[in-house]
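Novice: Sequence plus the predicted model coming up.
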Amino acid sequence: MKIIIMTKKIFGWILIIAGLAIIIATLYFSYTIFTGKIKAPELFKLEDSSAAVAGFDQKELEKSLEESIQEQIKNIVPSEFTIQLFNLISWSIFAGLLIFGGAKISAIGIKMLRKES
């Protein structure tokens, strides 16, 4: 009986330490990402969308108009900024999930220790 109690206590402490390690590591990586020491994971990437159309017709006119509108929008909000913002938001969501998971793991360890007290 004592062996089972000691095993549960040891496993409870392991879960608490593992949960805290997940939380601390996530906070550390978030700090380094948001201070600019490392880049956020790139889930979103900017791709060039350039295709050549032969001849001058209605499609060419629409395409040139679309390109000029896109250039004006790029002058207002650079596309690199938007991509970086999406990457930071996705990292923040993932970090939130990791912190939530680490808290749940630690809570299970705490419950295991309380049952034995």
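Specialist: Ah, there it is. Treat the numbers as computed from the prediction; the structure is a model and nothing was measured.
Novice: Need the three-state assignment for residue 38.
Specialist: At residue 38 the chain is in coil, as set by DSSP: H, G, I helix; E, B strand; the rest coil.
Novice: That should have said residue 41, apologies.
Specialist: coil.
Novice: Make residue 1 into 27 and carry on from there
Specialist: Got it, the first residue is 27 from now on, which makes the last one we talked about residue 67.
Novice: What is the burial count for the closest residue in space to it that isn't next to it in sequence?
Specialist: Excluding the flanking residues, the one nearest residue 67 by CB to CB, 6 or more residues apart in numbering is residue 117, at 6.1 Å. Using the backbone N, CA and C atoms, a C-beta is placed for each residue, glycine as well. Other residues lying near residue 117 total 20 when counted by other CB atoms under 10 Å.
Novice: State the helix or strand in which residue 117 lies.
Specialist: Following DSSP states H and E, one finds residue 117 within helix 105-142.
Novice: Determine the set of other helices and strands touching that helix.
Specialist: Applying 3 or more CB pairs under 8 Å, 6 or more residues apart in numbering; DSSP states H and E, we find helix 105-142 packed against helix 28-60.
Novice: No further queries at this time; thank you.
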